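In: the following block contains a protein sequence and its predicted model.
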Amino acid sequence: MTDAIQIHAADNVATALADLAANSAVAVGSRRVTATEAIARGHKIALHAIARGSSVLKYGSPIGTATADIAIGAHVHSHNLGTALTRSDDYAYTPTAAPPRPAPPQRHFLGYARADGRVGTRNEVWILPTVGCVGNLAARVARIAAIRHPGRVDGIHAFKHPFGCSQLGDDLAHTRRLLAALAQHPNAGGVLIVGLGCESNQLTALLDTIPAGRRDHIRILSAQAVEDDEAGCLTLVDELVAACADTPRTAASLSALTLGVKCGGSDGLSGLTANPLVGQIADAVAAADGKVILTEIPEIFGAEQLLMDRAVSRDVFDRTARLVQDFKACFTRNGEPVSENPSPGNIVGGITTLEEKSLGAVQKGGQVPLVDVQLYGGEATLAGLTLLEAPGNDAVSSTALTAAGATVILFTTGRGTPLGFPAPTLKIASNSDLAARKSGWIDFDAGMVISEGFDAASDALLDLIVATASGKLTKAEVNEERDIAIWKSGVTL
């Protein structure tokens with residue numbers, strides 16, 4: 001049995017699959033290494049002596065530089081490994097040939113066909129406040145309406161946020177674009193947009209950003225313009241429920257699926273199990289001409305060239321490079337190093353540098369060709385992989401994935417989180433211990449990759465995705481974890 005995994009033949013470290021005791025013999029494939037100290041699961045053990053100043057290799061790539069001499073069998077982590085990441089904008093356009101396309105899986109899900117050709121995985125009524133001042137009104141209306149209409153639609157949800165007023169420039173634009181994109185989501189059979197009346201994010205301006213062909217299922221109400229705002233909202237929600245309640249589920253191929261892929265609270269096993277497993281699912285969905293959306297731009301720093309090499313054109317390469325450069329410029333403009341990551345939880349889980357985190361994180365995109373780049377609030381419209389502008393924050397980036405059209409989100413984690421978002425969000429644990437301890441949060445145990453292999457795990461996860469797209473509730477939905485977070489990047493008055 002293997003105690004630690006060497007991911008690439010060139011690697012000079014391996015990742016522990018379980019806690020390793022000091023002075024224990026550690027099986028790494030067919031070789032044996034003696035651990036010179038205790039090493040926790042998910043952390044790295046040196047397979048060779050590594051001199052100070054030399055590169056530490058994982059995934060076949062440098063993940064940083066040794067800050068001290070490292071002996072064979074030693075623990076490799078923050079005490080002897082440091083980032084080598086700088087703000088380098090030196091990217092080369094070196095497109096690589098796309099790997100052979102796998103045979104598309106013969107799977108179908110039961111979804112909701114929309115008039116514009118898209119297919120939803122839920123048929124819900126969403127209430128979107130233009131401004132934080134009417135967030136509680138929206139939530140109250142959703143609670144009352146859900147009691148009025150039990151079982152007629154898949155859910156009635158309000159998505160509160162604190163923004164929409166006293167915002168300038170990009171902040172106001174981000175709020176407006178995000179809400180407008182959510183209002184067009186195929187999982188929303190009906191949408192009520194509630195405004196206050198005096199806010200910066202005016203109802204009419206927001207509605208003007210939505211194409212006329214996608215407004216039939218949208219109603220609006222300005223709270224200051226009516227005497228009884230709650231009654232007015234409920235009347236409109238009643239109307240929306242009546243209009244969409246009888247929409248049937250019909251068979252749809254995986255080409256109609258849009259996957260958002262996300263990782264949060266990663267550990268040292270995330271890049272060995274959960275993320276590459278999601279990458280296999282991404283390959284399968286893309287092979288069926290479905291869409292996959294990858295975001296968290298600051299969490300690809302150090303691995304961005306790998307994505308750029310998959311760009312289908314010079315234009316897509318240039319837009320990817322520009323997006324990454326803009327994020328790096330934001331860090332340095334605010335006096336922060338571009339390597340200001342991983343998080344404390346990531347470090348406890350065994351991830352040492354941003355390069356290591358990024359090389360593991362980009363695996364969620366599989367080998368899918370990079371076909372498009374979308375700015376925040378934009379929509380993925382092309383089959384293949386779309387790179388979406390958003391930060392790494394779990395709530396902000398997952399909301400952005402939903403707004404970009406994701407109808408199911410695959411959220412990998414080594415630490416666990418209860419968070420849920422407007423689109424059904426499947427939590428995929430990188431290790432079986434987390435899946436067992438937090439079974440109320442976790443939907444799928446990617447630890448089975450180690451015990452049963454990628455093929456069995458991929459089949460099982462794809463089955464769960466199809467069931468979820470067909471109506472099976474995620475743990476977050478059962479727990480009523482349904483929230484949004486809007487990206488704030490500018491000035492508040």
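Out: That came in fine, so what should we check first? Numbering: from 1, shown residues only.
In: can you tell me the SS state at Lys472?
Out: coil (DSSP: H, G, I helix; E, B strand; the rest coil).
In: isn't there a strand covering Val316?
Out: No: going by three-state DSSP, the assignment for Val316 is helix, not a strand.
In: next, count neighbours for it.
Out: 23 (other Cβ atoms under 10 Å). Heads up, the C-betas are built off the backbone N, CA and C, glycines and all.
In: surely it is in contact with Pro369?
Out: No: under the criterion of Cβ atoms under 8 Å, Val316 makes no contact with Pro369, lying 9.1 Å away.
In: need the overlap of contacts for the two.
Out: Counting by Cβ atoms under 8 Å, 6 or more residues apart in numbering, Val316 and Pro369 have no common neighbour.
In: Asn341 - nearest residue in space that isn't next to it in sequence?
Out: Leu354 (4.5 Å; Cβ to Cβ, 6 or more residues apart in numbering).
In: now do the contacts for that neighbour.
Out: Applying Cβ under 8 Å, 6+ apart, we find Leu354 in contact with Thr83, Leu85, Glu299, Phe301, Gly302, Val338, Ser339, Glu340, Asn341, Pro342.
In: likewise His77?
Out: Applying Cβ under 8 Å, 6+ apart, we find His77 in contact with His43, Lys44, Ile347, Gly350, Thr352.
In: so of those residues, which ones are in helices?
Out: Ile347 (DSSP state H).
In: okay if I get the contacts of His77 as TSV plus pLDDT, neighbour count and distance to Val119?
Out: Converted to TSV, these look like this (pLDDT from 0 to 100; neighbours: other Cβ atoms under 10 Å; distance: Cβ to Cβ, whole Å):
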residue	pLDDT	neighbour count	distance to Val119
His43	97	24	43
Lys44	97	27	43
Ile347	92	17	41
Gly350	94	26	39
Thr352	95	26	42
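In: just give me the closest of the contacts of His77 to Ala16.
Out: Set against Ala16, the nearest of the contacts of His77 by Cβ to Cβ is His43 (5.6 Å).
In: mind jotting down where the strands sit in the stretch 301-450 of the chain?
Out: Remark: strands assigned in the stretch 301-450 of the chain by DSSP state E, counting those that start in this stretch are 370-374, 384-388, 408-413, 425-429, 444-445.
In: kindly report the same for the stretch 1-150 of the chain.
Out: Read by DSSP E, counting those that start in this stretch, the stretch 1-150 of the chain holds these strands, from start to end of the chain: 4-5, 13-16, 25-28, 31-34, 44-46, 55-58, 61-66, 75-76, 81-82, 108-113, 119-120, 124-129.
In: same for the third one, what does it pack against?
Out: Packing partners of strand 25-28 (3 or more Cβ pairs under 8 Å, 6 or more residues apart in numbering; DSSP states H and E): strand 4-5, strand 13-16, strand 31-34.
In: can you list these in JSON lines and add mean neighbour count?
Out: What follows is the helices and strands packed on strand 25-28, written out as JSON lines (neighbours: other Cβ atoms under 10 Å):
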{"stretch": "strand 4-5", "mean neighbour count": "20"}
{"stretch": "strand 13-16", "mean neighbour count": "25"}
{"stretch": "strand 31-34", "mean neighbour count": "14"}
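In: what residues go with each domain of this protein?
Out: Using automatic domain parsing, the domain parsing of the chain gives 4-82, 124-246, 251-478.
In: deepest-packed of those, please.
Out: domain 251-478 (a mean of 22; mean count of other Cβ atoms under 10 Å).
In: quick check: end-to-end length of that domain?
Out: 24 Å (Cα to Cα, to the nearest Å).
In: quick revisit: and His108, which of the domains of the chain is closest to it?
Out: It's domain 251-478; of those, that one is closest to His108 (Cβ to Cβ) at 4.8 Å.
In: how far away is Leu168 from Thr474?
Out: 37 Å (Cβ to Cβ, to the nearest Å).
In: centre of the chain to the helix or strand of the chain with the lowest mean pLDDT, how far?
Out: One helix or strand of the chain scores below all others by mean pLDDT, DSSP states H and E: helix 344-348, with a mean of 91. Computed by Cα atoms, centre = their mean, to the nearest Å, the chain-centroid distance of helix 344-348 equals 19 Å.
In: same deal with stretch 194-205?
Out: Centre to centre, stretch against its chain (Cα atoms, centre = their mean), the figure for stretch 194-205 is 30 Å.
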